[in-house]
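> Coordinates for the following, if possible.
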Amino acid sequence: LSNFLTLFKFSIFAKCLCLIHLTFLARFRHTTTTNEETDKNDMKQAILTLAVSIFLTLFSHASFAQQMNLLECMEYALENSLSIKQSENNLSNAELAKKEAVAAFFPSASASTSASLGFGRSIDPATNTYTTITTFSNSYNGGVSIPIFSVRRMISSLKMQKLSYESSQSSLEATKENVTREVMSCYFDVLYYLGMVDIAKQRLEASQRSLELVRVQFELGQRSRADMHEVEATVASNESTLISQQNSLDMSYISLRSAMNYTGEKPLEIDPEIGIESIVSCPSLDGVLDYALENHYTVRNADRSVRSSEISLSNAKWQMAPSLSSGISFSYGTSYYTRMGKLAVPVDDWATQMKGNRGSGLSLGSISIPIFSGFSRRNNKIRAQNNLRNAEINAENARRSLQTDITRAYQQMQGYGAQYIANRKRVETARVAYQGMEQKFEQGMVSPLDLQTSSMALLQAEADMLRTRLSYIIQCRIVDYYNGVSFIESAAIKK
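A predicted model of the protein is given here:
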């Protein structure tokens, strides 16, 4: 029963009360058929059973859930996020490509060997004539190539790979920020619904107290049956609200576990201790914009795309000019053969053939002059120019979109801050008004409808204050993010 109640997030107090109720209910049923002496023994057993059950309930609650604060949730998500692992793999591939582009400037060496066995009619390696005989041949080759100049190809490739590597680094950082931002959003959703569940419980307890009072007043003739039914309807409505908020809390926990990629065996619970005592100071909007437009990864990646398009356009222009490849390429080879079978005749030994059959070659470069290639080079140049224009347009759009997002986040931060101050005052006045209305209701001076209206006003004020408080904290951290403070750093500072 304790584990069953834990699944539905009942409090420890509720579980203990349930155990007490079941224990004494079992005792009551049993005492109807036993004598007094047996009843005392059963009472001792019931008390012992109750003590053990409560101990196990408290122990299981302490070890059943895994409680984490915001920083721990973010760290867990960074360690287990699949998207981050994919970005790390992409970064590793980009690093390998950059190393290959650097290695292209160094000499390359190769070596090879081959062996073949011929049967029947074939060319005799000694006489270069066709004959019917079995032969065995063996060859060895080696070469060294040293690039000297290759019309900007290797230099352009290296620049492109460096830009690709930097973009992969930015993408990895962006993925980490997106993961932590999603975790933060889900975490604050859980905080919001935890607060809403607490508020709903308080309203339910208040309505239940009012119902008890109305029933007493009804028995004394001070309240009508309609008043009692009206308060009962209010209690039922508050119970429905609590169930709805509890369900929303469970759904928010599911979203948080999904954002964290949580695979722990223990159920996840968060530390609800997070708050603000007052509206904190923040940097100016102009300062945040200047920093973000200079350092944000979206702007940097857009600028890298522009530089990459410029390199592609330069390569397309050079394709229309004569192509010159300069370098030193040296090759060396030798071979050996022998005749086999009854018709075989003696041949030179292996060392003599290896020395006599050797050959070498030297290549200093080549030149290629384009004459006509179906307008492909011209079209490539125009296409590269269009791609450069699109990259410049995308960079400008990225700056404008970033500026809009920052301005919106900054304005929302200020708006939620002002609303939080107003809602805090609103809660104070609504609580005083409700307390006064509750006293009047106990004295029979107001109807249940008036009390319910005041209770709903207080409930709405508390919900609005909780919503604006959490929204303000989120927007503050988003503004800090645009100003160079990552979400996980913000969680570490303000945990």
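
> Going by neighbour count, list what's buried in the helix or strand hosting residue 301.
Residue 301 is part of helix 297-318 when elements are defined by DSSP states H and E. Using 16 or more other CB atoms under 10 Å as the test for burial, helix 297-318 gives 297-313, 315-316, 318. To be clear about C-beta, it is placed using only N, CA and C from the backbone, and glycine gets the same treatment.

> so what secondary structure elements neighbour it?
With contacts taken as 3 or more CB pairs under 8 Å, 6 or more residues apart in numbering; DSSP states H and E, helix 297-318 sits against helix 153-219, helix 376-442.

> most tightly surrounded among those helices?
Neighbour counts (mean count of other CB atoms under 10 Å) averaged over each of those peak at helix 153-219, with a mean of 18.

> other SSEs contacting that helix?
In terms of contacts (3+ CB pairs under 8 Å, 6+ apart), helix 153-219 is packed against helix 70-80, helix 82-103, helix 225-260, strand 268-270, helix 297-318, helix 376-442, helix 448-482, helix 487-493.

> That helix vs helix 376-442, what angle?
20 degrees (axes from the mean of the first three to the mean of the last three CA atoms, to 10 degrees).

> still on that earlier bit, figure out which of the helices and strands packed on helix 153-219 is closest to residue 153.
helix 297-318 (7.8 Å; CB to CB).

> Mean pLDDT for the helices and strands packed on helix 297-318 - can I get that in JSON lines?
JSON lines is the format used below for these (pLDDT from 0 to 100):
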{"stretch": "helix 153-219", "mean pLDDT": "88"}
{"stretch": "helix 376-442", "mean pLDDT": "90"}
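
> how about these in a markdown table, adding distance to residue 111?
Output for the helices and strands packed on helix 297-318, formatted as a markdown table (distance: least, CB to CB, whole Å):
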| stretch | distance to residue 111 |
| --- | --- |
| helix 153-219 | 24 |
| helix 376-442 | 37 |
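
> Out of the ones you listed, which is closest to residue 79?
helix 153-219 (10.5 Å).

> orientation of that closest one relative to helix 70-80 in degrees?
Using the same axes, to 10 degrees: helix 153-219 against helix 70-80 is 140 degrees.

> got the CA coordinates for the helix holding residue 301 in PDB?
Presented in PDB, the C-alpha positions along helix 297-318 are these (Å, rounded to 0.1, in the frame of the first residue of the first chain):
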ATOM      1  CA  TYR A 297      27.000  31.400 -32.200                       C
ATOM      2  CA  THR A 298      24.200  32.100 -34.700                       C
ATOM      3  CA  VAL A 299      26.000  35.300 -35.900                       C
ATOM      4  CA  ARG A 300      29.400  33.600 -35.900                       C
ATOM      5  CA  ASN A 301      28.100  30.600 -37.900                       C
ATOM      6  CA  ALA A 302      26.400  33.000 -40.400                       C
ATOM      7  CA  ASP A 303      29.700  34.900 -40.800                       C
ATOM      8  CA  ARG A 304      31.500  31.600 -41.400                       C
ATOM      9  CA  SER A 305      29.100  30.700 -44.100                       C
ATOM     10  CA  VAL A 306      29.800  34.100 -45.800                       C
ATOM     11  CA  ARG A 307      33.600  33.400 -45.700                       C
ATOM     12  CA  SER A 308      33.100  29.900 -47.000                       C
ATOM     13  CA  SER A 309      31.000  31.200 -49.900                       C
ATOM     14  CA  GLU A 310      33.800  33.800 -50.600                       C
ATOM     15  CA  ILE A 311      36.300  31.000 -50.800                       C
ATOM     16  CA  SER A 312      34.000  29.000 -53.100                       C
ATOM     17  CA  LEU A 313      33.600  32.000 -55.400                       C
ATOM     18  CA  SER A 314      37.400  32.500 -55.500                       C
ATOM     19  CA  ASN A 315      37.900  28.900 -56.500                       C
ATOM     20  CA  ALA A 316      35.200  29.200 -59.200                       C
ATOM     21  CA  LYS A 317      37.000  32.200 -60.700                       C
ATOM     22  CA  TRP A 318      40.400  30.400 -60.700                       C
END
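
> Quick check: beta-bridge partners of the closest residue to residue 114 other than its chain neighbours?
Distances taken as CB to CB, 6 or more residues apart in numbering put residue 139 closest to residue 114, at 5.2 Å, once the chain neighbours are dropped. With DSSP bridges as the criterion, residue 139 is bridged to residue 114, residue 335.
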